[in-house]
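Participant: below are the sequence and a predicted model; questions follow.
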Amino acid sequence: MNVLSPVLEESPVQKITFKGREYWLKRDDLINHYFNGNKARKFQYFLEQDLSQYKTVASYGGNQSNAMYSLSAFAKIKGLKFDYYLKQIPKWLKENPVGNFKAALDMGMNCIELEDYESFFQKMSKPKKTYHNFGKETLLIRQGGAEAEAEYGVKILAEEINAFAKKKGIKELSVFIQSGTGTTAVFLQKHLNFKVYTTPNIGDSEYLRKQFSLLVENEKLHPTIIESPKKYQFGKLYPEFYNIWKEINQETSIEFELLYDPVTLIVMNNYQKLIKGEIMYIHSGGTFGNESMINRYNRFFTK
Ligand SMILES: *Cc1c(COP(=O)(O)O)cnc(C)c1O
């Protein structure tokens, strides 16, 4: 498993019990040690393409992004250079790299710190055809892999789940998945024979609905959004996040992810009583990022 491979294998499904209810857990975290989770699904299209006309993959975003790390592994698999544009990196992180940042540097990521990241970001958020400043030899993948090409790999995820349900004779299945940009959730719903539930992590339901519409016009194909009872700010630390993460890790002996999983787990646990039939949760990988999250929580709790 611990080899950097361009072949993505079907991820297993296992049964877990959490707070007295059984769930199916889709282990997308096990697709590949280095290249896994929903980023593997989202980048699978590019992985299978002949990219020999490119020398470089470029992207941008936060300094602990799961996508950043996955792209560094992707670039390595494809033999491309990886340029990552970001805000000024804090001195402490430069001196002591941790988590996704360290893992991406180890994969050969080249960081480009921008003084004015905001205007760069605004420019990148415009429709893709309007900029060419990276040149022909650079493949640009926008923040978090929120690209139409993501559909290809997420459709394979949906087909794996459809086939799994058929094999097990499952008639009613509700699938819970986290959302950042909503790219994975919306393409999953488009191709899944069952209902997808998701929770916004970045912004609110309004933001997420807009994101869905950018990628899939037909609203009938959008996932069902359930907001958490309490409002949370993306990337901030909350004791209940850490607690539910700790609890599920202990109950299942599986390492979950500490940035996106907690809200969805909270919502799923609140909502499960209302759901007839079986429930599946998708583990979307990203556990390389836990190291820096755990450090932050340790400082948070000792304060
Ligand atoms: C990136 C990521 C998400 C968000 O995925 P979107 O397709 O942007 O909604 C969710 N969970 C994990 C673990 C991730 O790494």
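Facilitator: Thanks, I have it. Numbering: from 1, shown residues only.
Participant: which parts of this protein are helices?
Facilitator: With helices called from DSSP state H, the chain shows them at 37-48, 66-78, 91-95, 99-106, 117-124, 150-168, 183-191, 205-215, 239-252, 261-271, 290-302.
Participant: quick one: list the elements packing against the second one.
Facilitator: What it means is helix 66-78. The helices and strands touching helix 66-78, judged by 3 or more C-beta pairs under 8 Å, 6 or more residues apart in numbering; DSSP states H and E, are helix 37-48, strand 56-60, strand 81-86, helix 99-106. Any C-beta I mention is one placed from the backbone N, CA and C, and that applies to glycine too.
Participant: tell me how far Tyr271 lies from the ligand.
Facilitator: Distance from Tyr271 to the ligand, counting by C-beta to the nearest ligand atom, to the nearest Å: 18 Å.
Participant: list the contacts for the residue nearest in space to the middle of the chain?
Facilitator: The centre of the chain sits closest to Asn38, judged by C-alpha atoms, centre = their mean, with a distance of 4.7 Å. With contact set as C-beta atoms under 8 Å, 6 or more residues apart in numbering, Asn38 has these partners: 28, 154, 177, 184, 282, 284-285.
Participant: need the max-distance pair from the residues you listed.
Facilitator: Greatest spatial distance among the contacts of Asn38 (C-beta to C-beta): Val154 and Gly285, at 13.5 Å.
Participant: how many neighbours does Glu240 have?
Facilitator: Glu240 has 13 neighbours, counted by other C-beta atoms under 10 Å.
Participant: grab the nearest non-local neighbour of it.
Facilitator: Distances taken as C-beta to C-beta, 6 or more residues apart in numbering put Ile266 closest to Glu240, at 6.7 Å, once the chain neighbours are dropped.
Participant: now stretch 184-195 - C-alpha only, PDB.
Facilitator: Extracted in PDB, the C-alpha atoms of stretch 184-195 (Å, rounded to 0.1, in the frame of the first residue of the first chain):
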ATOM      1  CA  THR A 184     -17.400  15.900  -4.200                       C
ATOM      2  CA  ALA A 185     -20.900  15.900  -2.700                       C
ATOM      3  CA  VAL A 186     -22.600  17.300  -5.800                       C
ATOM      4  CA  PHE A 187     -21.000  14.900  -8.200                       C
ATOM      5  CA  LEU A 188     -21.600  12.000  -5.900                       C
ATOM      6  CA  GLN A 189     -25.400  12.800  -5.700                       C
ATOM      7  CA  LYS A 190     -25.500  13.100  -9.500                       C
ATOM      8  CA  HIS A 191     -24.300   9.500  -9.900                       C
ATOM      9  CA  LEU A 192     -25.600   7.800  -6.800                       C
ATOM     10  CA  ASN A 193     -28.800   5.800  -6.700                       C
ATOM     11  CA  PHE A 194     -29.300   7.000  -3.100                       C
ATOM     12  CA  LYS A 195     -29.700  10.200  -1.100                       C
END
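Participant: show me what counts as buried in it.
Facilitator: For stretch 184-195, burial by neighbour count (16 or more other C-beta atoms under 10 Å) applies to 184-192, 194.
Participant: output the lowest mean pLDDT helix or strand found in this structure.
Facilitator: helix 117-124 (a mean of 90; mean pLDDT, DSSP states H and E).
Participant: who are the packing partners of that helix?
Facilitator: strand 56-60, strand 81-86.
Participant: most tightly packed of the helices and strands packed on helix 66-78?
Facilitator: helix 37-48 (a mean of 24; mean count of other C-beta atoms under 10 Å).
Participant: returning to what we had before: Throw the contacts of Asn38 into CSV and include distance to the ligand and pLDDT, thanks.
Facilitator: Shown next, in CSV, are those (distance: C-beta to the nearest ligand atom, whole Å; pLDDT from 0 to 100):
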residue, distance to the ligand, pLDDT
Asp28, 9, 97
Val154, 8, 98
Ile177, 8, 98
Thr184, 3, 97
Ile282, 9, 98
Ser284, 4, 97
Gly285, 6, 96
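Participant: ok so, going back, contacts only, for the residue nearest to Glu240.
Facilitator: Contacts of Ile266 (C-beta under 8 Å, 6+ apart): 228, 240-241, 244.
Participant: now what about stretch 10-27, what contacts it?
Facilitator: Applying C-beta under 8 Å, 6+ apart, the external contacts of stretch 10-27 come out as 28-31, 157, 160-161, 164, 173, 247-248, 251-252, 254, 265, 269, 272, 278-283.
Participant: start and end of it, how far apart?
Facilitator: 9 Å (C-alpha to C-alpha, to the nearest Å).
Participant: near the ligand, which residues of the stretch 201-303 of the chain are found?
Facilitator: For the stretch 201-303 of the chain, the residues in contact with the ligand (C-beta under 6 Å from any ligand atom) are 257, 260, 284-286.
Participant: change it to 5 Å
Facilitator: The stretch 201-303 of the chain comes close to the ligand at residues 257, 260, 284, 286, as judged by C-beta under 5 Å from any ligand atom.
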